[in-house]
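> sharing a model prediction with you, sequence too.
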Amino acid sequence: MAITPPRSVRIPDVLWKKAKAKAKAQHTTVTAVIVKALYDWINE
């Protein structure tokens, strides 16, 4: 796995908690979800 620098974004607590719970239920991480969303978005 590549080492990537940490980034800072502001996300409301309610949204973050729901995202973490859903990611855990799907055996992934919020980071992985965000990275995929960004790749999908820039490749539209």
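Now that the structure is in, tell me what you want to look at. Numbers count the residues shown, from 1 in each chain.

> tell me where this structure has helices.
13-25, 30-42 (DSSP state H).

> for residue 3, find the nearest of the ones you listed.
helix 30-42 (12.8 Å; Cβ to Cβ). Every residue, glycine included, has its C-beta placed from N, CA and C.

> just checking, what packs against that closest one?
Contact analysis of helix 30-42 by 3 or more Cβ pairs under 8 Å, 6 or more residues apart in numbering; DSSP states H and E lists helix 13-25 as its packing neighbours.

> and the helix it packs on, what other elements does it pack with?
helix 30-42.

> thinking again about what came up before, so which of the helices of the chain is nearest residue 5?
Of all these, helix 30-42 comes closest under Cβ to Cβ, at 12.3 Å.

> how about the closest one as PDB, C-alpha atoms only?
Output of helix 30-42 as PDB, limited to C-alpha atoms (Å, rounded to 0.1, in the frame of the first residue of the first chain):
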ATOM      1  CA  VAL A  30     -14.200   6.300   4.700                       C
ATOM      2  CA  THR A  31     -10.900   7.100   3.100                       C
ATOM      3  CA  ALA A  32     -11.400   4.400   0.500                       C
ATOM      4  CA  VAL A  33     -14.900   5.700  -0.200                       C
ATOM      5  CA  ILE A  34     -13.700   9.300  -0.600                       C
ATOM      6  CA  VAL A  35     -10.700   8.300  -2.800                       C
ATOM      7  CA  LYS A  36     -13.100   6.200  -5.100                       C
ATOM      8  CA  ALA A  37     -15.600   9.100  -5.300                       C
ATOM      9  CA  LEU A  38     -12.800  11.500  -6.200                       C
ATOM     10  CA  TYR A  39     -11.500   9.200  -9.000                       C
ATOM     11  CA  ASP A  40     -15.000   8.700 -10.300                       C
ATOM     12  CA  TRP A  41     -15.600  12.500 -10.300                       C
ATOM     13  CA  ILE A  42     -12.400  13.500 -12.000                       C
END
